[in-house]
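[1] Quick one, structure for this:
(2 chains)
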Amino acid sequence: MHRLLSNKWTKVVVFILCLAPLGALIYRALNGLLGANPVEFLQHATGLWTLRFLIFTLAITPLRKLFKLPELIRFRRMLGLFAFFYVCLHFLTYIGPDQSFDLAAMWKDVEKRRYITVGFLGFVLLIPLAITSTAGWIRRLGGKRWQMLHRSIYITAICGVIHYYWLVKSDVRNPLFYAALVSILLLWRLGDWFAKKERLAPAKAGTDRASASAS
Amino acid sequence: MLIGRSPDLTYADVTPKSIYLDRRKFLQGMGLAGVAALTGSRLIDLISPSRSVYAVTKLDTVKGPFNTSEKITPFDDVTHYNNFYEFGTDKSDPAKNSQNFRISPWSVSVEGEVAKPRTFTMDEILKLAPLEERIYRHRCVEAWSIVLPWVGFSLNTLIKLVEPTPKAKYVSFQSFYDLRQMPQSRGTGLDYPYVEGLRLDEAMNPLTLLCVGMYGETLPTQDGAPVRIVVPWKYGFKSIKSIVKIKLVKGEPSTTWNRMAPSEYGFYSNVNPNVDHPRWSQAKERRLGEIFRRNTLMFNGYGDQVASMYAGMNLKKDY
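    Now for the predicted structure:
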């Protein structure tokens, strides 16, 4: 497993797999298989794949720790950038066919419709993460600050599920499914954070006592 | 009446679905195979389930009033992209899940504040008046729209027959519901049976159609077979499908979507570009087959026929 995950060809295969949803959409478009409302089909498909790639990205850290597979980190940036890639396509279907490339009308819509507002916020928050995803930017920002910045992906994921939930009319089963996945991944981090704090706390208290008695 | 057919034939005599389907499929397959042989493409259509043809029977119609000259949306789009939550919430679910829906025998009971309550069999309904073809715009509350040729006659023909009493002020409608035939209705977030309602003057407006067919044929199951209501100046969900009961009542009847979210789906639900759905704009719509959105018309373009019924009303309040 470790060997497979560190193989450079594995990364190529994963890259191609990440392009498969786009390939499927292109295939459908060329063969007239996008249904009666092609714009909506593309909109829903790219939106869903954004959410899925956000979830894949957020799943890397828990999977690394749970299954002791540190090599998984090699794929995180790529998955995150694919989330950004699909949200850009998603945004294009909105600004183009929905808003006829009218930026003023789009901005009014973003202000007025809370499901658009929250979706747009999630999209905008991803932009700096995509820009600073390179090794150079990690160096420039410093690991700690870079990590702080990139935690905003949690907000994007939450925005994504709310955006989906507010969009449907009455059948909320699918949005709730994605909300559950995002919740699990974020709650795991919270649990991990508390566990770490507890592991550190007694040690810290111990040193405090030691230093107190020394004085 | 069913013109061009001997009068002793009944609704139950329509060609069995399987035979009809096989014949059409065979012809379609022949044509497509030829094209596929020539071009090597479109083979996917032969195996794609979304393009199959459904059992319907030809109806003889006369030209009706209120026709729009706009381009008619293709039959395949109309029948494979619609809402009928009893059969599932995806737009392709009704076509997939309604094919075994039993629509014969069928009858509609008309009751309530009427002098002559009566149950109409499907055959009786088909013979109440000449069947008219009416090409209407249809605007969904989700901001997409279609243009299609319905078949039927004004609902007021039927209502006049039962003689409403002076107490009758509203009309309520109820859809057929059977969980065993509609297992996909579970978890869709709505209460069933689906109910809708109109004010009596709205129901008596000649635009309001008692609809038994479309595209010159009986209604496909996914579009509300065998009989439904069509109210073209209101959002699509007001045009209730597969009705079994019509009741004339004194007070404003409860309606399904209004019960689910009162702030989002009002009793009137007239198409109105100036009153947005709380979550999305109603100013524009996407006509199926078009990329960019077009402006939505007040009362879906039927203002001349219906605006006077709402004179003096605040349509922002009575949405």
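
[2] Can you show me the helices along chain B?
    Under the criterion DSSP state H, helices of chain B are mapped to B:17-39, B:43-47, B:75-80, B:93-97, B:122-126, B:155-162, B:200-204, B:256-260, B:303-306.

[3] What average pLDDT does the fourth one get?
    I take that to be helix B:93-97. Helix B:93-97 comes out with an average pLDDT of 97.

[4] Also the second one?
    In this model, helix B:43-47 carries a mean pLDDT of 43.

[5] Likewise for stretch A:106-122?
    Mean pLDDT, stretch A:106-122: 94.

[6] That stretch near chain B anywhere?
    Yes: using C-beta under 8 Å from any C-beta of the partner chain, stretch A:106-122 reaches chain B at A:109, A:112-115. C-beta coordinates here come from the backbone N, C-alpha and C atoms, glycine included.

[7] Name the residues of chain B found near chain A, please.
    Within chain B, the positions near chain A by C-beta under 8 Å from any C-beta are B:41-42, B:44, B:48, B:50, B:76-78, B:80-81, B:85, B:89, B:91-92, B:142, B:144, B:187-190, B:257, B:260-261, B:279-281, B:286, B:288-289, B:291-293.

[8] on that earlier part again, for the residues of stretch A:106-122 next to chain B, give me TSV that also has secondary structure and distance to residue A:45.
    Converted to TSV, the residues of stretch A:106-122 next to chain B look like this (DSSP: H, G, I helix; E, B strand; the rest coil; distance: C-beta to C-beta, whole Å):
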residue	secondary structure	distance to residue A:45
A:109	helix	21
A:112	helix	26
A:113	coil	21
A:114	helix	23
A:115	helix	18
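
[9] so residue A:192 touches residue A:185, yeah?
    No: between residue A:192 and residue A:185 there is no contact under C-beta atoms under 8 Å: 10.8 Å.

[10] the more surrounded of those two?
    For residue A:192 versus residue A:185, neighbours defined as other C-beta atoms under 10 Å in any protein chain shown are more numerous around residue A:185 (20 against 13).

[11] Now restrict the residues of stretch A:106-122 next to chain B to buried residues only.
    The neighbour count (16 or more other C-beta atoms under 10 Å in any protein chain shown) marks A:109, A:113, A:115 as buried among the residues of stretch A:106-122 next to chain B.

[12] now residue B:118: how far from chain A?
    Here residue B:118 is placed at a distance of 34 Å from chain A (C-beta to the nearest C-beta, to the nearest Å).

[13] if I pick that residue, what's in contact with it?
    Counting by C-beta atoms under 8 Å, 6 or more residues apart in numbering or on different chains, residue B:118 touches B:109-110, B:161-162.

[14] Show me which pair in those residues is furthest apart.
    The span of the contacts of residue B:118, defined through C-beta to C-beta, is set by B:109 and B:161 at 13.1 Å.

[15] residues shared between the contacts of residue A:192 and residue A:185?
    With C-beta under 8 Å, 6+ apart as the test, residue A:192 and residue A:185 both reach residue A:62.

[16] What segments of chain A are helices?
    Using DSSP H, the helices of chain A run over A:2-6, A:8-30, A:38-66, A:76-93, A:103-112, A:114-131, A:135-141, A:143-150, A:152-167, A:173-214.

[17] Distance to residue B:207 added to those, as TSV?
    Converted to TSV, these look like this (distance: least, C-beta to C-beta, whole Å):
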stretch	distance to residue B:207
helix A:2-6	66
helix A:8-30	38
helix A:38-66	28
helix A:76-93	35
helix A:103-112	32
helix A:114-131	33
helix A:135-141	63
helix A:143-150	58
helix A:152-167	32
helix A:173-214	37
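
[18] one step back: okay if I get the residues of stretch A:106-122 next to chain B as JSON lines plus distance to residue B:206?
    Formatted as JSON lines, the residues of stretch A:106-122 next to chain B follow (distance: C-beta to C-beta, whole Å):
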{"residue": "A:109", "distance to residue B:206": "38"}
{"residue": "A:112", "distance to residue B:206": "38"}
{"residue": "A:113", "distance to residue B:206": "37"}
{"residue": "A:114", "distance to residue B:206": "41"}
{"residue": "A:115", "distance to residue B:206": "39"}
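
[19] What's the PyMOL line that selects buried ones from the contacts of residue B:118?
    Only the buried entries of the contacts of residue B:118 go into this PyMOL selection, using 16+ other C-beta under 10 Å:
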select buried, chain B and resi 110+162
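
[20] got CSV for the contacts of residue B:118, with pLDDT too?
    What follows is the contacts of residue B:118, written out as CSV (pLDDT from 0 to 100):
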residue, pLDDT
B:109, 98
B:110, 98
B:161, 98
B:162, 98
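
[21] Out of the residues of stretch A:106-122 next to chain B, flag the one nearest to residue B:275.
    Distance to residue B:275, by C-beta to C-beta, is smallest for residue A:112 among these, at 13.6 Å.

[22] Quick one: neighbours of residue A:133, just the number.
    18.

[23] number of nearby residues for residue A:119?
    For residue A:119, using other C-beta under 10 Å, the count is 26.

[24] Next: residue A:135.
    8.

[25] One more: residue A:10?
    The number of residues near residue A:10, taken as other C-beta under 10 Å, comes to 15.

[26] Isn't it up against residue A:2?
    No: Residue A:10 lies out of contact with residue A:2 (C-beta under 8 Å); the separation is 11.2 Å.

[27] ok, residue A:200 - contacts?
    Residues counted as contacts of residue A:200 (C-beta under 8 Å, 6+ apart): none.

[28] For residue A:193, see how far away it is.
    Distance, residue A:200 to residue A:193, using C-beta to C-beta, to the nearest Å: 11 Å.
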